[in-house]
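# fold the following, please.
(chains A and B)
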Amino acid sequence: MSFKRPRGTADILSEDQPYWSHVYATGRRVAGQFGYSRIDTPTFEDTSLFQRGVGDATDIVQKEMYSFQDQGDNPLTLRPEGTASVCRAYIENGFQSGPQPVRMFYMAPMFRYERPQAGRWRQHHQFGVEAIGDQSPEIDAEVIELGWKYIADLGIHGVKLRVNNLGDPEGRADYISDLDQYFTERIDQLAKIDRDRLQRAPLRVLDSKVEETQQLADNAPKSIDYIGGETKDHWEALLMLLDNLKTIYPEFSYDVDHRLVRGLDYYNRTVFEYEPSNAGSQGTLLAGGRYDPLIGILGGQETPGIGFGSGIERMILEMKKQEVMVAQPAGPEIVVVALGDAGVAAAGLATALRAVDISTVLAPKRSMKAQMRYANNQNAANVVILGDREVENGVASVKSLTEGGDQSEVALDAAAIAAHVRYTKNQ
RNA sequence: GUGGGCGUAGUGAAGAGGUUAUCACGCUAGGUUGUGGCCCUGGAGACGAGGGUUCAAUUCCCUCCGCUCACCCCA
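A predicted model of the protein is given here:
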């Protein structure tokens, strides 16, 4: 055979475009409602940005990056996620000198070399937001609320929020060592996969999919028991703000889930995920958290930040599952059907109609029957029939394609035809 | 990286070790000399690749490739 698209990529065909338009429009609108403005960063960045930002030890950096060298031997990587790039842009463009916090959103393709499966692609798209330069719990709640409104406005129901607090880097060592000890004492009850996890990333044992491990994890030490002082105040204030959201959004609800951890190194304190209650294996629709250390790690001055990323493909999957209706694009207002020697006149008429903002498509030059069928398949509102007869008389036959639509002769003039179809449309 | 399932026209399916591989939808031409949808008749279009077994393989076997689901991980 011939060429095929690379594994894990998709052609987004016209039948799916209404979903994409809906998601993009909703993202833009909701972000705007919260005062977030759009930022577009390059599709590729220096490889070291992600090594430092996402974390050298993470799976994303270890085995999932699309890295390459360009002709100048520069090590570059197709972006696997959005936060590192936005923070780089924040530092590089001197945003810290402007009013804080800086609220930004992005919609862009992300690239990860993984085995594709339901809800997972090598090229996928994310809508994400970042609020940088504010450490108050109010901004945590704002980002969480924005995520909720986005999902709700997409028309998706039955989604639950899970939140946790990972504490701060200083205090986390104590927690991880206690957690390590807890699981090590019970290592004979752990599946092999979880023993490996315990070696690599003790926190990840908490969100294991192995049922026996889950039971152990329920009774494991909790990160929220290891936070204190300002971190604890922040956490308790956030929970009150979330309770407040419940009174505004009737469907909103959340669970504190001490087993919620994240796979990227930069998170601290607040982490959260939105997931449908009946989710499949790749069910997380939107996930994020606070990343106060990140800007510093990337060489900027210490600046707090919080944000989320959400997979557009997963949103669309869920919308289809829940049979969310999206607006379908209308067909052209006019399909011009040309007969005999009227081809040139028909093309000229189509041009004139578009010039007066009537969407117009020229039918392929075939039999009249075929042209009519074409117009019907295009979902056209009207056909304009132009044959030798009409051209001779200086008229065009305009026919509505609605059921029992009538046909009348109109002067062969774009303005007159435009007026006619606009008039009948409003009847 | 690991494991399961699956590869037949554009799509969805059926099929048999042996002349021309079947059906539906879609596409296309006509029935209707210039009128779409419904109906009728025709046409184009497919066995993923390589190897093996066999007189004969699209069918059985193997390998590869691809798709898909799950794990790992993540949006």
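
# secondary structure class of A:Gly167, three-state.
Classification of A:Gly167 by DSSP: H, G, I helix; E, B strand; the rest coil places it in coil.

# quick check: closest non-adjacent residue to it.
Nearest residue to A:Gly167 in three dimensions, chain neighbours excluded: A:Ile227, at 4.6 Å (Cβ to Cβ, 6 or more residues apart in numbering). In short, each C-beta sits where N, CA and C put it, glycine included.

# so who does the one you found touch?
Shown in contact with A:Ile227 (Cβ atoms under 8 Å, 6 or more residues apart in numbering): A:165, A:167-168, A:171, A:235.

# one more pass at 10 Å, please.
When contacts are counted by Cβ atoms under 10 Å, 6 or more residues apart in numbering, A:Ile227 touches A:165-168, A:171-172, A:175, A:233-236, A:269.

# and A:Asp134, by the same measure?
A:100-103, A:140, A:142, A:303-306.

# next one: A:Leu245
Contacts of A:Leu245 by Cβ under 10 Å, 6+ apart are A:141, A:144-145, A:148-149, A:161, A:252-254.

# so it, which of the three states?
Under three-state DSSP, A:Leu245 comes out as helix.

# number of residues surrounding A:Val421?
20 (other Cβ atoms under 10 Å).

# related to what we said a few turns ago, which one of the contacts of A:Ile227 is nearest RNA strand B?
A:Leu166 (13.3 Å; Cβ to the nearest atom of the strand).

# which residues touch that closest one?
Contacts of A:Leu166 by Cβ under 10 Å, 6+ apart are A:172, A:175, A:203, A:223-224, A:226-227, A:231, A:258, A:260-262, A:267-271, A:289-290.

# from these, which ones fall inside helices?
A:172, A:175, A:203, A:231 (DSSP state H).

# can you name the two of the residues you listed that sit furthest apart?
A:Leu203 and A:Thr231 (16.8 Å; Cβ to Cβ).

# neighbours of A:Ala152, how many?
Neighbour tally, A:Ala152, other Cβ under 10 Å: 16.

# okay, and it sits in which element?
helix A:137-154 (DSSP states H and E).

# with A:Thr26 instead?
With DSSP H and E as the test, A:Thr26 turns up in helix A:17-33.

# list the buried residues in stretch A:181-188.
A:182-183 (16 or more other Cβ atoms under 10 Å).

# again with stretch A:153-173
Judged by neighbour count (16+ other Cβ under 10 Å), stretch A:153-173 contains these buried residues: A:154-156, A:159-168, A:171-172.

# RNA strand B contacts on the stretch 251-400 of chain A?
Contact residues (Cβ under 7 Å from any atom of the strand) of the stretch 251-400 of chain A with RNA strand B: A:262-264, A:273, A:280-282, A:284-287, A:309-311, A:313-314, A:339-340, A:366-370, A:372-377, A:383, A:385, A:387-390, A:397, A:399.

# list only those of these flagged as buried.
Neighbour counting with 16+ other Cβ under 10 Å marks A:262, A:264, A:273, A:284-287, A:309-311, A:313-314, A:339, A:372, A:374-375, A:383, A:385, A:387, A:390, A:397, A:399 as buried within these.

# nearest spatial neighbour of A:Ile91, skipping sequence neighbours?
Using Cβ to Cβ, 6+ apart and skipping residues adjacent in sequence, the residue nearest A:Ile91 is A:Gly300, 3.8 Å away.

# give me the neighbour count for that neighbour.
The burial count for A:Gly300: 18, using other Cβ under 10 Å.

# check contacts around A:Asp180.
Applying Cβ under 10 Å, 6+ apart, the residues contacting A:Asp180 are A:198-199, A:202-203, A:205, A:221.

# picking up where we left off before, would the helix holding A:Ala152 count as contacting RNA strand B?
No - Helix A:137-154 does not reach RNA strand B (Cβ under 7 Å from any atom of the strand); its nearest approach is 10.3 Å.

# now the helices for the stretch 301-427 of chain A?
Secondary structure of the stretch 301-427 of chain A (DSSP state H, counting those that start in this stretch): helices at A:312-321, A:343-355, A:368-377, A:388-393, A:414-425.

# repeat that for the stretch 1-150 of chain A.
Per DSSP H, counting those that start in this stretch, the stretch 1-150 of chain A carries helices over the ranges A:17-33, A:47-53, A:59-63, A:83-92, A:137-154.

# where among these is the average confidence lowest?
Of all the helices of the stretch 1-150 of chain A, helix A:59-63 carries the lowest average pLDDT, namely a mean of 88.
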